[in-house]
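In: using only what follows, build the 3D model:
(chains A and B)
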Amino acid sequence: QKEVEQNSGPLSVPEGAIASLNCTYSDRVSQSFFWYRQYSGKSPELIMSIYSNGDKEDGRFTAQLNKASQYVSLLIRDSQPSDSATYLCAVTSNQAGTALIFGKGTTLSVSS
Amino acid sequence: KAGVTQTPRYLIKTRGQQVTLSCSPISGHRSVSWYQQTPGQGLQFLFEYFSETQRNKGNFPGRFSGRQFSNSRSEMNVSTLELGDSALYLCASSYRQDPYEQYFGPGTRLTVT
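Out: Here you go, the predicted structure:
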């Protein structure tokens, strides 16, 4: 059974702080990793993708991947109240990359 | 570029009925994947269609089916609805090649009474 694990939270951080979200996965052959943001009542929005070990930065977001440890994380710098949402970690389960396995998500709350 | 569209956005059905949901992918995307989202189980993969053929299937009963048309639009059907089928049904489209990124539509909220 392929699994993706995330702490459900809530993770509470003050405005301007760094939020750190973590995810572990069980399938060693997974090749592609994604972070989605989902606001309450909305659909998931892709915010980061990462395919190789190391860090990938995009604006205030940094994704980190460690395939040996089967671990992927998302850092949000200078957190804003608008970042308050559920963050979903997703991992591909097939070579075509079209069947994603999702974690249950971590709820982030940024207080002003 | 227009995003993924899904219709209808909300639907209320009765147990035993069937329902058909529609998804139009982003222009140029030929792969459509369907997911079910519930509070208890989270987001779960249903199936994927590419070039009018089902390419992958998740662990759902045969009551869940789908199809894809030559213009890449896709429909999913759920027959003999059960209360547990109440969920947000999401479709996602992609190029089905590197970088394998999938983009979600707004979803269809199905309530079974």
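In: what's in contact with the worst-scoring helix or strand of chain B on mean pLDDT?
Out: The weakest-scoring helix or strand in chain B, judged by mean pLDDT, DSSP states H and E, is strand B:53-57 (a mean of 92). With contact meaning Cβ atoms under 8 Å, 6 or more residues apart in numbering or on different chains, strand B:53-57 is reached by A:94, A:96, A:98-99, B:31, B:33, B:45-49, B:66, B:68. Heads up, the C-betas are built off the backbone N, CA and C, glycines and all.
In: do the same with stretch B:60-78
Out: B:18-25, B:29-30, B:32, B:34, B:36, B:44, B:46-47, B:49-54, B:79-80, B:85, B:89, B:91, B:93, B:110.
In: buried ones in it?
Out: For stretch B:60-78, burial by neighbour count (16 or more other Cβ atoms under 10 Å in any protein chain shown) applies to B:60, B:64, B:65, B:66, B:68, B:72, B:73, B:74, B:75, B:76, B:78.
In: ok, now stretch A:9-21?
Out: A:11, A:13, A:19, A:21.
In: residues near the residue in chain B positioned nearest to chain A, how many?
Out: Proximity of chain B to chain A (Cβ to the nearest Cβ) peaks at residue B:100, 3.0 Å away. As a burial measure, residue B:100 scores 20 neighbours (other Cβ atoms under 10 Å in any protein chain shown).
In: any idea which of the contacts of strand B:53-57 the model trusts least?
Out: Among those, residue A:96 carries the lowest pLDDT, at 66.
In: and stretch B:95-108, how far out from the chain middle?
Out: Stretch B:95-108 sits 12 Å away from the centroid of its parent chain (Cα atoms, centre = their mean, to the nearest Å).
In: typo on my end, it should be stretch B:89-101
Out: Counting by Cα atoms, centre = their mean, stretch B:89-101 is centred 12 Å from the centre of its parent chain.
In: restricted to strands, list the buried residues of stretch B:60-78.
Out: B:64, B:65, B:66, B:68, B:74, B:75, B:76, B:78 (DSSP state E).
In: now for residue A:59, how many residues are close by?
Out: 10.
In: who does the most centrally placed residue in chain B bridge with?
Out: The residue lying closest to the centre of chain B (Cα atoms, centre = their mean) is residue B:34, at 3.3 Å. Residue B:34 has these beta-bridge partners by DSSP bridges: residue B:47, residue B:91.
In: wouldn't it be in contact with residue B:88 here?
Out: No: using Cβ atoms under 8 Å, residue B:34 is not in contact with residue B:88; the gap is 11.4 Å.
In: please enumerate the shared neighbours of the two.
Out: Common neighbours of residue B:34 and residue B:88 (Cβ under 8 Å, 6+ apart) do not exist.
In: OK, contacts around the closest residue to residue A:30 other than its chain neighbours?
Out: Spatial nearest neighbour of residue A:30, excluding adjacent residues (Cβ to Cβ, 6 or more residues apart in numbering or on different chains): residue A:91 at 4.5 Å. Going by Cβ under 8 Å, 6+ apart, residue A:91 touches A:2, A:4, A:25, A:27, A:30, A:32, A:33, A:34, A:72, A:100, A:101.
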